[in-house]
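J.: let's see this in three dimensions:
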Amino acid sequence: MIGIEEIAPEALPAFWDAHIRYLVEDGIISDDEDIAYFTGAEYRGTIEAHMRRVENRHHIVYFLRGGQRIGAASFCIYKDEGGKCFLLDFWVFPAFRGNGTGRRCFEALAQYAKVDGAEWYELNSEKEASVRFWKSLGFTENGTDEYDMPLFIKGKPEVRYDTDRQ
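T.: Below you'll find the model as predicted:
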């Protein structure tokens, strides 16, 4: 069973240390400019400010198994976009990867986020192994974002048009 521990903005320093290690060690970022951005006050301050919002609040959570932290995620639920849950980060710590742990973490996250209004999911992914993982969970490609990074969605409600209207 996977549990969720919500991180308060005041408790972020330890998370930020784990976050930058994840970004570098998993090969998500590699150059000094990106490292400076993700460790800088602008990025971190924006995330922290969004965690304090009432509408479209940003969440940062740890995944727990047996009371031990085994991974983390960062996401925002946009209720004004039909309950879109945008996953900014999602990772299982290297020592706990395999045997379906990532799948169980996403299932726990989906249940947790649903309580706060999540109806569907969107994320960026370009690493081959990550893309395979997300596709195995039913995510499908959905174009690119403003930085030309591939977008993936799961569960987005279809837009239906009334063709009988004149």
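J.: how about whichever strand or helix holds residue 48: buried residues?
T.: Assessed by DSSP states H and E, residue 48 sits inside helix 41-51. Residues of helix 41-51 classed as buried: 44, 47-48, 50-51 (neighbour count, 16 or more other CB atoms under 10 Å). The C-beta positions use only the backbone N, C-alpha and C, and glycine is treated the same way.
J.: quick one: the helices in this structure, in order.
T.: 12-25, 32-39, 41-51, 101-115, 128-136 (DSSP state H).
J.: show me which residues of the shortest one are buried.
T.: Residues of helix 32-39 classed as buried by neighbour count (16+ other CB under 10 Å): residue 38.
J.: if we can go back for a sec, just the angle between the helix holding residue 48 and helix 12-25, please?
T.: With axes from the mean of the first three to the mean of the last three CA atoms, to 10 degrees defining the directions, helix 41-51 sits at 120 degrees from helix 12-25.
J.: rewinding a little: return the member of the buried residues of helix 41-51 nearest to residue 133.
T.: Nearest to residue 133, judged by CB to CB, of the buried residues of helix 41-51 is residue 47 at 23.5 Å.
J.: report the beta-bridge partners for the spatially closest residue to that closest one that is not a sequence neighbour.
T.: Using CB to CB, 6 or more residues apart in numbering and skipping residues adjacent in sequence, the residue nearest residue 47 is residue 58, 6.0 Å away. Beta-bridge pairing for residue 58 (DSSP bridges): residue 76.
J.: okay, residue 58: pLDDT?
T.: We have a pLDDT of 95 for residue 58.
J.: check the one 3 residues further on too.
T.: Reading off the per-residue confidence, residue 61 sits at a pLDDT of 98.
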